[in-house]
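Asks: Pasted the sequence and its predicted model underneath.
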Amino acid sequence: MPQDKPSWRRAIRAERRRLSPELRAEEAALLRQRVLEVLDAAPEGHSKKVAAYFSSPDEPDTAPLLQELTGRGFEVYLPVCEPGHVLSWTRWEPGTEIVQSRVAPVNEPVGPRHDASLFAEIDLMFIPALAVDSAGLRLGQGGGYYDRFLPKIDGYQTRIAALVRDDEFVEAGSFAVDRHDRPVGVVITPSAIRRLDNGF
Ligand SMILES: Nc1nc2c(c(=O)[nH]1)N(C=O)[C@@H](CNc1ccc(C(=O)N[C@@H](CCC(=O)O)C(=O)O)cc1)CN2
Ligand SMILES: Nc1ncnc2c1ncn2[C@@H]1O[C@H](COP(=O)(O)OP(=O)(O)OP(=O)(O)O)[C@@H](O)[C@H]1O
């Protein structure tokens with residue numbers, strides 16, 4: 001029996017809170033390594049614009065990889081939560097002002113906002129999840145922001161890579177899925193890059 005989403009969310013958040021700062025830092029460094037491997041394997045002519053996100057304290061720490069991406073000359077865009085569970089996108093560089101979102105418990109950059117059409121030029125997007133199953137379906141924080149956003153970029157080439165801890169990559173069917181859930185094509189954990197054979 002697949003478990004309901006709220007039970008999974010509670011269990012994963014509790015597990016993440018139990019991590020020591022040392023293990024968290026170690027996993028963040030490994031995730032950065034894996035992301036660099038994905039970029040190194042990217043085809044010639046791959047866009048220098050990528051989308052990512054600012055991690056919250058309970059998520060795998062994306063700070064090292066954001067630094068690394070800008071250090072390698074990538075233009076990095078991060079989500080901004082708009083009312084109505086809409087995401088827009090703002091460029092981030094080290095030093096960009098960061099504020100607490102007015103509509104969700106996350107931090108976001110301040111600056112000009114772009115809509116989904118930005119993704120015509122984005123080949124790779126990193127997205128948060130609490131868990132991903134082997135079919136590529138993700139369990140998010142429950143806002144439905146990405147579920148609503150991803151259909152808007154269906155027509156673009158953007159590859160979508162979810163970042164989770166090793167234990168959070170689980171068998172297909174482990175958690176309940178809804179009709180609106182979109183599969184991701186790649187799952188990156190500290191120990192591995194998994195390219196899923198689901199056409200995404
Ligand atoms: N780092 C990060 N940024 C992100 C997301 C994310 O998952 N992680 N999002 C991914 O969509 C969007 C923000 N959506 C979110 C929706 C709900 C919660 C959340 O923690 N909800 C809790 C507590 C609610 C509250 O305190 O108001 C909950 O539902 O229990 C977090 C982010 C866009 N930015
Ligand atoms: N495409 C959509 N259109 C309308 N409502 C949606 C859509 N996607 C999700 N929702 C609604 O948003 C809420 C959260 O959905 P869900 O539990 O799948 O979020 P999530 O995948 O955890 O979040 P996120 O995508 O932000 O990481 C649900 O009430 C769901 O019905």
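Replies: Sure, I can see it. Ligands and ions are numbered 1, 2, ... in the order given.

Asks: those strands in this structure, which residues are they?
Replies: Along the chain, the segments classed as strands by DSSP state E run 49-51, 75-82, 86-92, 98-100, 107-109, 124-128, 131-133, 138-139, 159-163, 169-170, 186-189, 192-195.

Asks: TSV please, covering the ones you listed and showing mean neighbour count and distance to ligand 1.
Replies: C-betas here are computed from N, CA, C, even on glycine. Below are the strands of the chain laid out as TSV (neighbours: other Cβ atoms under 10 Å; distance: least, Cβ to the nearest ligand atom, whole Å):
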stretch	mean neighbour count	distance to ligand 1
strand 49-51	22	11
strand 75-82	21	5
strand 86-92	20	6
strand 98-100	10	11
strand 107-109	20	7
strand 124-128	23	4
strand 131-133	25	12
strand 138-139	24	10
strand 159-163	24	10
strand 169-170	18	17
strand 186-189	23	15
strand 192-195	15	20
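
Asks: Output those strands as JSON lines; include the columns mean pLDDT and distance to Glu22.
Replies: Shown next, in JSON lines, are these (pLDDT from 0 to 100; distance: least, Cβ to Cβ, whole Å):
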{"stretch": "strand 49-51", "mean pLDDT": "97", "distance to Glu22": "28"}
{"stretch": "strand 75-82", "mean pLDDT": "98", "distance to Glu22": "27"}
{"stretch": "strand 86-92", "mean pLDDT": "98", "distance to Glu22": "27"}
{"stretch": "strand 98-100", "mean pLDDT": "97", "distance to Glu22": "25"}
{"stretch": "strand 107-109", "mean pLDDT": "97", "distance to Glu22": "23"}
{"stretch": "strand 124-128", "mean pLDDT": "97", "distance to Glu22": "22"}
{"stretch": "strand 131-133", "mean pLDDT": "97", "distance to Glu22": "23"}
{"stretch": "strand 138-139", "mean pLDDT": "95", "distance to Glu22": "26"}
{"stretch": "strand 159-163", "mean pLDDT": "97", "distance to Glu22": "19"}
{"stretch": "strand 169-170", "mean pLDDT": "98", "distance to Glu22": "22"}
{"stretch": "strand 186-189", "mean pLDDT": "98", "distance to Glu22": "18"}
{"stretch": "strand 192-195", "mean pLDDT": "96", "distance to Glu22": "21"}
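
Asks: Nearest to Leu23, out of those?
Replies: Proximity to Leu23 (Cβ to Cβ) singles out strand 186-189 among these, at 13.6 Å.

Asks: same for the longest helix that the chain contains, what does it pack against?
Replies: Across the chain, the longest stretch assigned as helix under DSSP state H is helix 21-40. Applying 3 or more Cβ pairs under 8 Å, 6 or more residues apart in numbering; DSSP states H and E, we find helix 21-40 packed against helix 63-71, strand 124-128, strand 159-163, strand 186-189, strand 192-195.
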